[in-house]
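Student: Please find the sequence and the predicted model below.
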Amino acid sequence: MSEKTFRERVRRLVLAIRNPLLPTQSREHLQALRLREIEIVSRYLPECGRLLEIGAGSGWQSRELSLRGYDVSSIDIPESNFSGQREWPVIDYDGRNIPFSSKSFDIVFSSNVLEHIPHVREFQSEIRRVLKDDGIAVHLVPSAGWRFWTNLTHPIRYWTPPIRHGEHASNALSEVLAFRRRTWKKLFVETGWQVEMCAPTGLFYTGCSVADHCLSIRSRERLARFAGSACNIFVLRKGKSAMALEPGDRAHTPVT
């Protein structure tokens, strides 16, 4: 067998394994994941109120939250990758100064945004400023498990080493530590928040869309029991105390 023939057979074998595992990423499946996350987040929200989404992207999640009865405002930077795909009114802002008056919102929400803010510590004061004294901040943040599995699958999809996702670490490997739950807890406590609750979402996925729509939401929930959740949810209140509670330390009832 010639070297050329051998290489071609190896290439075909790799593609035969790779293509079913990493099909073309679909917008529909991404929205299905985000919708399920909204359903999970809703367990911890009051039934109604004025809500601000930070880093709203296309505004798709803001629209869903509006349909659930919330008075939603959305902001994002004009350089957002989704600025040309907006499905909901999203206000452009400078990434530092939230363009609303103090104590305007009952809820501040973000989904996979905080890791992209290099001045994330300083930005907490802006979130606190626009949040009512009895309000809550709810953040979905990537987990160490998400970073680990994304590191493993990135070379398979893109044939290159994994790249850094956010702004809080120097490379993709050190992001495993940066995205640990305890690291996020430390950030929130040190910036004056009381961590009311933190828990995994119970939904597995990676940054490389492993199996995409071929793996159902229910299957991803089962898989999360062994492979870990892609995100953690943090529910925060204004305060300076606070060691965060683990999921088993209190019942997962909606925050009122």
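Tutor: Arrived safely, thanks for sending.

Student: could you give me the average pLDDT of stretch 169-181?
Tutor: Taken as a whole, stretch 169-181 has an average pLDDT of 96.

Student: right, I mislabeled it, should have said stretch 238-246
Tutor: Rounded to a whole number, the mean pLDDT of stretch 238-246 is 51.

Student: What of stretch 136-154?
Tutor: 96.

Student: List the buried residues of that stretch.
Tutor: Counting neighbours by 16 or more other CB atoms under 10 Å, one finds that the buried residues in stretch 136-154 are 136-151, 153-154. In this view, the C-beta of every residue, glycine as well, is placed from N, C-alpha and C.

Student: Which members of those residues occur in strands, if any?
Tutor: Those of these mapping onto strands are 136, 137, 138, 139, 140, 141, 142, per DSSP state E.

Student: Spit out the contact partners of the fifth one.
Tutor: In this case it means residue 140. Contacts of residue 140 were listed using CB atoms under 8 Å, 6 or more residues apart in numbering, and they are 37, 41, 110, 111, 112, 201, 231, 232, 233.

Student: Only alpha carbons, please: show the one helix or strand residue 222 maps to as PDB.
Tutor: Using DSSP states H and E, residue 222 sits in helix 217-227. Extracted in PDB, the C-alpha atoms of helix 217-227 (Å, rounded to 0.1, in the frame of the first residue of the first chain):
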ATOM      1  CA  ILE A 217     -32.200  17.900  25.100                       C
ATOM      2  CA  ARG A 218     -33.300  15.000  27.300                       C
ATOM      3  CA  SER A 219     -30.300  13.000  26.300                       C
ATOM      4  CA  ARG A 220     -28.000  15.900  27.100                       C
ATOM      5  CA  GLU A 221     -29.600  16.200  30.600                       C
ATOM      6  CA  ARG A 222     -28.900  12.500  31.200                       C
ATOM      7  CA  LEU A 223     -25.300  12.900  29.900                       C
ATOM      8  CA  ALA A 224     -24.800  15.900  32.300                       C
ATOM      9  CA  ARG A 225     -25.100  13.500  35.200                       C
ATOM     10  CA  PHE A 226     -21.800  11.900  34.200                       C
ATOM     11  CA  ALA A 227     -20.000  14.500  32.000                       C
END
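
Student: next helix or strand past it?
Tutor: Downstream of helix 217-227, the first helix or strand assigned by DSSP H and E is strand 231-238.

Student: Give me the helices and strands touching that next one, please.
Tutor: Under the contact criterion of 3 or more CB pairs under 8 Å, 6 or more residues apart in numbering; DSSP states H and E, strand 231-238 touches helix 27-42, strand 131-142, helix 181-190, strand 193-200.

Student: List the buried residues of the longest one.
Tutor: By 16+ other CB under 10 Å, the buried positions in helix 27-42 come out as 29, 33, 34, 36, 37, 38, 40, 41.

Student: Please save the CA atoms from it in CSV.
Tutor: Extracted C-alpha coordinates of helix 27-42, given in CSV (Å, rounded to 0.1, in the frame of the first residue of the first chain):
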residue,chain,number,x,y,z
ARG,A,27,-29.2,27.7,14.9
GLU,A,28,-32.3,25.8,15.7
HIS,A,29,-30.4,23.5,18.1
LEU,A,30,-28.6,26.4,19.8
GLN,A,31,-32.0,28.1,20.4
ALA,A,32,-33.3,24.8,21.8
LEU,A,33,-30.5,24.8,24.3
ARG,A,34,-31.0,28.4,25.2
LEU,A,35,-34.7,27.9,25.6
ARG,A,36,-34.1,25.0,28.0
GLU,A,37,-31.7,27.2,30.0
ILE,A,38,-34.4,29.9,30.2
GLU,A,39,-36.8,27.3,31.5
ILE,A,40,-34.3,26.3,34.2
VAL,A,41,-33.5,29.9,35.1
SER,A,42,-37.2,30.8,35.4
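
Student: which residues sit against it?
Tutor: 60-61, 64-65, 68, 109, 111, 138, 140, 201-203, 205, 209, 212-213, 217, 220, 231, 233.

Student: picking that back up, could you pull out the buried residues of the helix holding residue 222?
Tutor: Across helix 217-227, burial judged by 16+ other CB under 10 Å covers 220, 221, 223, 224, 227.
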